[in-house]
Structures are given as C-alpha cells and as structure tokens.
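# whatever this is, show me its structure:
(2 chains)
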Amino acid sequence: MAAAATCGAGAGSLRSVAAAAAVDRSSATSFQRKGPRAGDADGRGPRLVSIAGTRPSVRNGQLLVSTGLPALDQLLGGGVAVGTVLLIEEDKYCTYAPLLLKCFLAEGVVCGHPLLLASAREPPARLVQELPAPLLDGSYKKELDQDGCSHPAADAKVQMKIAWRYQLLPRKEVGPVSSRFGHYYDISKKMPQELLETAQWHGFFLPEKMSSPPTAEPCHLTHGYSKLLEFIKKIISEEGVDGSNPQKKQKNILRIGIQSLGSPLWGDDVCCAETCEHSHSLTKFLYVLRGLVRASLSACVVTVPTHLIQNKAITARVTNLSDTVVALESFVGLQREINPLYKDYHGLIHIRQIPRLNNLICDESDVKDLAFKLKRKLFTIEMAPVLAS
Amino acid sequence: MFPELNNLLDTTPDKAEQGKLTLLCDARTDGSFLVHHFLSFYLKANCKVCFVALVQSFSHYSIVGQKLGVNLTMARECGQLVFLEALKTSLDVFFQKPAEPHPLQFLREASAENLQPLFAFVREALKPGDDGEATWKYPVLLVDDLSVLLSLGVRAVTVLDFIHYCRAAVCVEWKGNVVALVHDSRDTEDEENDLLLSGLSHQSHLILRAEGLATGFCKDVHGDRSLTYQYKIQDKTVSFFAKGLSPAVL
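Numbers count the residues shown, from 1 in each chain, chains lettered A, B, ... in the order given. I've put the predicted structure just below:
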C-alpha cells in the first residue's frame, strides 16, 4: 500500500511537470468557445485569458474557478472547470447543501463575477443577503486557532481588518475585492453590504416567472424548466459570456447557481412517484443546460434532492448528465447510532464523479473517505477516520 | 489509438475487418477512452468517419486526438470527418423550431417516434461519392453515447431501430463499420438501458467492456475468445497487462 502511494505521488509530479510543459508549448488548451475572440490567429485556438478569480488547471490548462471552499477545490482537481456543471446531491434535510451553494456564489461576489441565481423556494434577493462574509488577509488562520472559544478582542481586530480593506478601496469600485483564487468564508457572518452592492446578480424566482400563462410547451419540458432555460440563455447573451460581443473589453465568468432542481416546487414530479409523468423533463433540462454552459464562459452549480428521487434509474441518468458530482450525507437525525469516531463530524462528503476534460485521465483524489464539519464559523472537509471493519 | 489495444484485438488500421458492429460498454467507470481509440484508429485507417458526439464538445475530442496523433480539425476540413456536435446544435433545435428536419429533432418531442432525421443525417454523411474513384476506404459510424438518448426521451426500441437502419446501410450496403458506446446500468435498475444493452449485445460482432473496480480497472474482451486484461490509463496512452501483473503489484 505504501509503495503504491509513493508511486502515485511520483507519477503525479511527473504528470504536472509534463502538463506545465504542454501548456507552454501549445496555446490551444482551454475549451473552445463560441464566437470569435479578439486577437485570435487563424484557428489556432483561444488563448488563455486572465480573468480575475480564475486559474488554469495544472493538468490540461483548462480554466478553473473556485467553489468557495478551497478544500473542495483541491478534491475536484483545482476547482470547477469553466463550461461545466457541478451537481451537488443534497443531504437529507437540506442543511448543508445550501451552504455550498452560497460559498460558490459568495466567491463570485469577491472575484467580481456576475451571478445568476435560480430558486423555487426563496427569493434570490434573500439568498444574496445571506451570503457568508469572506475572511480576507490572515483572518482565516486566526479563526482556525481560536475555534471554539470566544475572543472578543480578536473578533474586533478581525472586524477592523476587513474595514481597513474597504478604507483603501474607492467608494464606487466595481472591480474584484481580491484577486486570489479561493477564499475562506465565515459562515456565522453575513457578507457586508458594501461588498454586496458591488455584486451584479440576476435572480430567477419561479413563482414570479410563472405568472405569465404557459404557452404551448416546446420540447415538453415542465413549464418552470423551460422558463429557466430561456432566462439563462438571455442572461448569458446579456453578459456577453458567449463570445457574441467581441468588443466587450472585460471578459468575465458567469456563475450560475440553481437550488433544489427536481424538487416538486419546480413543478416536476420526479421526486414524488416512481413512474412519473415528466420522467424526462429533468434530464432534458440538464442536457440543454450543459449545452448552454459549454458554449459560454460560465460555471454552474446545481443542487438536487436525489434522496427524494424514487426511480434509481433517473438518479443515475442525472449523474451521467453532469460533469462533476459531489454528494453530501449528513448525520442529522440519523436513527442508528453514529460511530463514535465520527462524533466530531457532521457528515460525509462523497466525490462521485470528476470529468475528464480534454484528457484521457482526470485528477482523482486518492482519498475516498471524506467527512465534513461545520464549526462555529468554518465549513471544513477532512479525511474521515478509518473505521475498523 | 492505443498500440497495445490493437495488439490485443489483433488488428491494425490497414487490415481491420469490415461490415461489423462493435459495442463499447462501461460499468462503474468512464469508457470514453475506447471512443478516442476508435476515432483515431479509423481516421488513421483512412476511412470516412461520421461521429455523432452527444456528450462532449468537438474541442474535447480534438485535444485528445492530438495526443493520439490525429488532427480532427484538418480531417473535418478535408471531408474525412463529419462531426455532429450535439451539445452545440441542440441549442438551435431547442429554442426555436427548425425550418427543416434536423437530426436532433427528437428533442422537441415528448417521446420521439423514430430517429429518422438522425438516420438521414448519417446516411447523407457516409454515402459513397458519385465519382467512381473512392477517396476513402470505407465508411464508419461512431456514436458517443447511446445511453444519453434514453435520457432525452427516446425509447430503447427506437434507438435499436435506429442502429438497425444504420447497420443495414453502413455495414451491409457499404461494407463499413459501426461503433457505439452504451453504459451498463446493472446496479441502477434502468430497464430501458438494460433492454438497449442486451439488444445491441446480440447484434454486435465485438464487445469491449470497461469495468471499474475499487482499486484498479478491469476490461473484458468478448469475441471469439474471452480474455480479461487489466488496464491503466496514462496521459497519452493506455497500457494493458494480464491480471496480477500490474507494475503496482509486482
């Protein structure tokens, strides 16, 4: 076992060196995007653009954005690739899945990326107000050390540190607050209003959009899904991330977050019965969504209550139609006795699928047993203690 | 293409068999490396290839193709490769009604009656040219992957009909080959997919199965003989070895 581990590590470093060399040699290593790019020379392929909050993957130069949880970024091979869909399988009582979605969106605010939020449950404006506050500077280390005990003096210093940042920034600054990749968030605090004001976001709240009477449904999707796809398409072209407007000076990544897709609130009955009327609505929606995201500079995170889907075949199809799949399994309300080894943790996190983009292989993490916990302020992911069989 | 796989299958681009249906099947893992293998194999064999790519974009196959020594962009430009990039064209079909029959028309229907427009597209792409001189050796249809059609509302029987028509045209009439990927859904009780898989298994000449295990990988090769090898995917190739002889174990 030890030999295999070192062998893997050695091979890993070799691969990254080779990949770095490959990135230097060829400039055509990111996704091909629709539309011409300024400065492109006769079909050589798009150059890597430097957009705030993105970085190229070490393996294949693919452009990545952070999920808002650096630990999760690492497990996914560096982050979420632009042009892909990350599916989060919700935990049973939907306690932690919204947290991951909020971290993804908060990361967008901090990096200056426009956001698209869709929900059937709560108004996007409320979701935006609930985004967690970023921990800038070295505050993260402080939080880690002082976890569990209250230090009002230290808290005050943390506050001042954030305020100090904003004192430096001019009042009407629209640019990103930080150009780093991946930030830590304080779950117990809300994002400051000044920072929220700089955020550009577009909201889709299903009850509002459903007021217009349903016309003849194209493609037989549920009414809510069709409306959402049209909305996403509209925003993609408004933000110019599909390359339709080459004159737009600043390229940016659109972050799309969709909450509880597939739940009955969307008008879909895939979670209600085993043989449902709209059995293909959700999968068709995901296919077209992936097509939209692939053809533009966007990254999408979707949470789905897969534990409610009665038909296992549909869950498998939904997984196959997404690029990256992460499943959360929380210990909340479990009837059976939780193993005492897990007493510090709130649940397990499973990385079910990672895409192989532009490559034969992907960065699969060697560690398969992962657990998460939500401490007072931070959401952390660690290797789970190994259970004796 | 992967030289070791060619050795195992006892083929080279020059002397591959014609008129056959090859089924690629993956269970609990991603079998797309087999698709990349066959794409580059047939392009190198100077065949006319029609690739129906339902799950990934053109640039993905192109970049991997470069590592395997084929240039998809050039093949497409000179007419050797006809590429249907479904992820991109599905947006045209979905958001507005197409003026004429579109290969992906089934997206607009609740439950497609047949895949006639898609077959028409394949037929148009692969039919031999009118000039007596043959530029390419024989036509090949490659589909990645058929299971996704089931997710889009097409019934298994309809997909089987489509493949039957393709075989009649490509394999029998034009002495070409058909290669298709299907997921194996044994664990997930997907009846439609099981129906599709068993229907195709009966029709195919060669079945390549990629199966994932917890700590390694395993591949079964079904044909005249049944052989089991283990494989390891690397950056530019795939290496195969008999069970128990992996460098990690020795």
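# show me where the chain has its helices.
I'll assume chain A. If DSSP state H is used as the criterion, the helices of chain A fall at A:2-25, A:70-75, A:97-111, A:124-129, A:139-145, A:152-168, A:193-198, A:206-209, A:223-239, A:281-294, A:312-320.
# wrong one, chain B
Along chain B, the segments classed as helices by DSSP H run B:3-9, B:32-44, B:58-67, B:72-77, B:86-95, B:116-126, B:147-151, B:156-166, B:191-203.
# would you turn these into TSV with mean pLDDT and distance to A:Leu328?
Backbone N, C-alpha and C define where each C-beta goes, glycine included. Converted to TSV, the helices of chain B look like this (pLDDT from 0 to 100; distance: least, C-beta to C-beta, whole Å):
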stretch	mean pLDDT	distance to A:Leu328
helix B:3-9	82	38
helix B:32-44	93	27
helix B:58-67	93	29
helix B:72-77	95	39
helix B:86-95	92	28
helix B:116-126	94	38
helix B:147-151	93	24
helix B:156-166	94	33
helix B:191-203	91	27
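# tabulate those helices in TSV, adding columns for mean neighbour count and distance to B:Phe240.
Shown next, in TSV, are these (neighbours: other C-beta atoms under 10 Å in any protein chain shown; distance: least, C-beta to C-beta, whole Å):
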stretch	mean neighbour count	distance to B:Phe240
helix B:3-9	16	5
helix B:32-44	23	11
helix B:58-67	21	18
helix B:72-77	16	25
helix B:86-95	19	31
helix B:116-126	19	31
helix B:147-151	24	25
helix B:156-166	19	28
helix B:191-203	17	22
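# for A:His280, find the nearest of the ones you listed.
helix B:147-151 (7.0 Å; C-beta to C-beta).
# then that closest one to PDB, C-alphas only?
Output in PDB follows, covering the C-alpha atoms of helix B:147-151 (Å, rounded to 0.1, in the frame of the first residue of the first chain):
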ATOM      1  CA  SER B 147     -27.500   5.800 -23.300                       C
ATOM      2  CA  VAL B 148     -27.900   9.600 -23.300                       C
ATOM      3  CA  LEU B 149     -30.600   9.200 -26.000                       C
ATOM      4  CA  LEU B 150     -32.700   7.400 -23.400                       C
ATOM      5  CA  SER B 151     -32.300  10.400 -21.000                       C
END
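# report how many residues lie close to A:Pro56.
Residues within reach of A:Pro56, counting by other C-beta atoms under 10 Å in any protein chain shown, total 19.
# ditto for A:Leu378
With other C-beta under 10 Å as criterion, A:Leu378 counts 20.
# so it versus A:Leu76, what's the distance?
19 Å (C-beta to C-beta, to the nearest Å).
# next one: A:Lys227
Using C-beta to C-beta, we find A:Lys227 at a distance of 30 Å from A:Leu76.
# compare the two and say which is more crowded by neighbours.
For A:Lys227 versus A:Leu76, neighbours defined as other C-beta under 10 Å are more numerous around A:Leu76 (23 against 19).
# okay, the more buried one: pLDDT?
For A:Leu76, the model assigns a pLDDT of 90.
# so it sits against A:Ile351, correct?
Yes. Using C-beta atoms under 8 Å, A:Leu76 makes contact with A:Ile351 at a distance of 7.0 Å.
# identify the contacts common to those two.
A:Val326 (C-beta atoms under 8 Å, 6 or more residues apart in numbering or on different chains).
# quick one on the thing from earlier: distance to chain A added to the helices of chain B, as JSON lines?
JSON lines is the format used below for the helices of chain B (distance: least, C-beta to the nearest C-beta, whole Å):
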{"stretch": "helix B:3-9", "distance to chain A": "13"}
{"stretch": "helix B:32-44", "distance to chain A": "5"}
{"stretch": "helix B:58-67", "distance to chain A": "3"}
{"stretch": "helix B:72-77", "distance to chain A": "7"}
{"stretch": "helix B:86-95", "distance to chain A": "4"}
{"stretch": "helix B:116-126", "distance to chain A": "15"}
{"stretch": "helix B:147-151", "distance to chain A": "4"}
{"stretch": "helix B:156-166", "distance to chain A": "12"}
{"stretch": "helix B:191-203", "distance to chain A": "7"}
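# no further questions, thank you.
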